[in-house]
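A.B. asks: what's the 3D shape of this:
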Amino acid sequence: MLGSEIAKKIRVYITELAVTKVRNITLHSFDNLQQIHKRRWTFIHFDAAYDRLEFRSASGIIVRNENREILASQAVIHSIIVDPFTAEAYARLQAIKLGIRLGVNKLTVLGDSKTVIKKCQSFFTDKSVIGAIITDIQSIKNRLQEIEFTFVPKAQNIYAHTIAKEALRRRESFYLEKEVPEVVRRTVGNLWPNPPD
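C.D. replies: The predicted model follows:
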């Protein structure tokens, strides 16, 4: 194994450690959780924005119920990210963790990265750079009653993409219940007045 490969594995490991230290961002009232539990399927769109110069990424996540109502939006900043695939994998991991924190039972996770989706659907051990993240996803998805990984075109993932892009630009993580940031709403509103199906 070359020194550069070892360094890359160490960077990925350090990033994984940083992700595991993410704490719950908000506490939910009992009434709020009861309402979420009553819904059948919850849909989480995820995307990532990546800065190659600073090896930094942002995960953009938007959570909707079957009636297309926004339940939450979140952005998480990650550092020491080696490539865009790693950024997408972390965004997927953050999406599933948010679904678990919200207490949902049936989750559809939608994203525009076919590679990450295929790896999450596989039952085989992934030995790529994102293998450890995929293993984390495989282990925590068992906390849900049902989970689906679905590919959507970038045009249908515009809210999650804009959240990630804005968070990376501002270098800020956030969590909002039942809304998206105003800057995201304005940006997307010009392109798409309603969240796409």
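A.B. asks: tell me, how many residues neighbour Phe124?
C.D. replies: 8 (other CB atoms under 10 Å). Backbone N, C-alpha and C define where each C-beta goes, glycine included.
A.B. asks: model confidence for it, exactly?
C.D. replies: We note a pLDDT of 76 for Phe124 in this prediction.
A.B. asks: on the three-state scheme, it is what?
C.D. replies: Of the three states, Phe124 takes coil according to DSSP: H, G, I helix; E, B strand; the rest coil.
A.B. asks: that one and Ile134, how far apart?
C.D. replies: Counting by CB to CB, to the nearest Å, the separation of Phe124 from Ile134 is 10 Å.
A.B. asks: wouldn't Ile100 be in contact with Gln145 here?
C.D. replies: No: distance between Ile100 and Gln145: 11.3 Å, which falls outside the contact criterion (CB atoms under 8 Å).
A.B. asks: neighbour-wise, which of these two wins?
C.D. replies: More neighbours sit around Ile100 than around the other of Ile100 and Gln145, counting by other CB under 10 Å; the figures are 14 against 9.
A.B. asks: quick one: low-confidence ranges for this protein?
C.D. replies: Confidence mapping of the chain against pLDDT under 70 gives the ranges 1, 12-39, 190-197.
A.B. asks: how about 80 then?
C.D. replies: Counting by pLDDT under 80, the low-confidence segments of the chain come to 1-40, 120-127, 129, 187-197.
A.B. asks: which residues of this protein fall in strands?
C.D. replies: 41-51, 56-65, 70-79, 106-111, 146-151, 174-177 (DSSP state E).
A.B. asks: got CSV for those, with mean neighbour count too?
C.D. replies: Listed next are these as CSV, based on neighbours: other CB atoms under 10 Å:
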stretch, mean neighbour count
strand 41-51, 24
strand 56-65, 25
strand 70-79, 22
strand 106-111, 22
strand 146-151, 15
strand 174-177, 16
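A.B. asks: nearest to Glu88, of those strands?
C.D. replies: strand 41-51 (4.8 Å; CB to CB).
A.B. asks: tell me the bridge partners for the nearest residue in space to Val152 that is not next to it in sequence.
C.D. replies: Counting by CB to CB, 6 or more residues apart in numbering, Leu110 is the residue found nearest to Val152 once chain neighbours are left out, at 4.7 Å. Beta-bridge partners for Leu110, by DSSP bridges, are His45, Thr150.
A.B. asks: Leu110 contacts Thr42, correct?
C.D. replies: No: with contacts counted by CB under 8 Å, Leu110 stays clear of Thr42, the gap being 11.1 Å.
A.B. asks: before we move on, the earlier item: okay, the strands of the chain in a markdown table with distance to Tyr90 next?
C.D. replies: Below are those laid out as a markdown table (distance: least, CB to CB, whole Å):
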| stretch | distance to Tyr90 |
| --- | --- |
| strand 41-51 | 7 |
| strand 56-65 | 6 |
| strand 70-79 | 5 |
| strand 106-111 | 12 |
| strand 146-151 | 15 |
| strand 174-177 | 16 |
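A.B. asks: right, I'll leave it there.
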